[in-house]
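Visitor: Next one to model:
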Amino acid sequence: ATVLDINGAMLAVGRERAGRRYDGRIEFVEGNAEALPFPERSFDGYTIAFGIRNVPRIDTALAEAHRVLRPGGRFLCLEFSSVDVPGLDALYDAYSFNVIPRLGELVAGDAESYRYLVDSIRRFPRPAPFARMVEAAGLRRVTHRPLAAGIVAIHSGWKI
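Guide: Residues are numbered from 1 along each chain as shown. Presented below is the predicted three-dimensional model:
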């Protein structure tokens, strides 16, 4: 099986770790999720974790995922989502908007990037609208499964 993993920020770490174990059996390619440098029907799987919310045109990236998947191929996306536990949602918002930027300032000297992180999570579509976007890109049997009280969700679809 050939799987495409879209996570540019983790490219160097992946190269280093894989280099120790896979002796050239994995090829790392940096590219734009909206215009992938691969032919149609190249992959059995497409994964992206905590990255699709940062793509300027999510619909275009989803269409590219569909394009490069082979029939029977699976799309998997792990992304921050919306807390679905009453009471915890308000607590999580307070933590996100107040604590995370302060921690970013203390640890990395950069509160603004962490404010962006929180804002990007809030702007990302909720699971049902995102599922409709995945379906609009041509994927079928689309599902989403909340994890950690809805803080994150796994979105899945198949190319038929």
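Visitor: Any idea how far stretch 115-128 is from the middle of the chain?
Guide: With C-alpha atoms, centre = their mean, to the nearest Å as the basis, stretch 115-128 stands 12 Å off its chain's centre.
Visitor: Quick check: end-to-end length of stretch 78-98?
Guide: 24 Å (C-alpha to C-alpha, to the nearest Å).
Visitor: out of everything not next to it in sequence, what's closest to Glu40?
Guide: Using C-beta to C-beta, 6 or more residues apart in numbering and skipping residues adjacent in sequence, the residue nearest Glu40 is Arg67, 5.4 Å away. Any C-beta I mention is one placed from the backbone N, CA and C, and that applies to glycine too.
Visitor: wait, that neighbour sits on Pro39?
Guide: No: with contact defined as C-beta atoms under 8 Å, Arg67 does not count as touching Pro39 (9.0 Å).
Visitor: Which one's more surrounded, those two?
Guide: With other C-beta atoms under 10 Å as the criterion, Arg67 and Pro39 differ in neighbour count, and Arg67 comes out ahead with 17 against 8.
Visitor: SS state for that one?
Guide: Following DSSP: H, G, I helix; E, B strand; the rest coil, the label given to Arg67 is helix.
Visitor: Okay, helices next: where are they in this structure?
Guide: Under the criterion DSSP state H, the chain carries helices at the ranges 11-21, 58-68, 88-94, 100-108, 111-123, 127-136.
Visitor: which other residues reach the longest one?
Guide: What it means is helix 111-123. Applying C-beta atoms under 8 Å, 6 or more residues apart in numbering, the contact partners of helix 111-123 are Arg53, Asn54, Phe80, Ser96, Phe97, Ile100, Pro101, Arg102, Leu103, Gly104, Glu105, Ala108.
Visitor: Can you list the low-confidence ranges for this protein?
Guide: Per-residue confidence for the chain (pLDDT under 70) gives these ranges: 1-15, 17-26.
Visitor: before we move on, the earlier item: would you reformat the contacts of helix 111-123 as CSV and include neighbour count and distance to Thr47?
Guide: Below are the contacts of helix 111-123 laid out as CSV (neighbours: other C-beta atoms under 10 Å; distance: C-beta to C-beta, whole Å):
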residue, neighbour count, distance to Thr47
Arg53, 19, 15
Asn54, 16, 15
Phe80, 19, 16
Ser96, 20, 25
Phe97, 13, 29
Ile100, 16, 25
Pro101, 19, 29
Arg102, 11, 32
Leu103, 13, 28
Gly104, 19, 26
Glu105, 15, 32
Ala108, 10, 26
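Visitor: All set, thanks.
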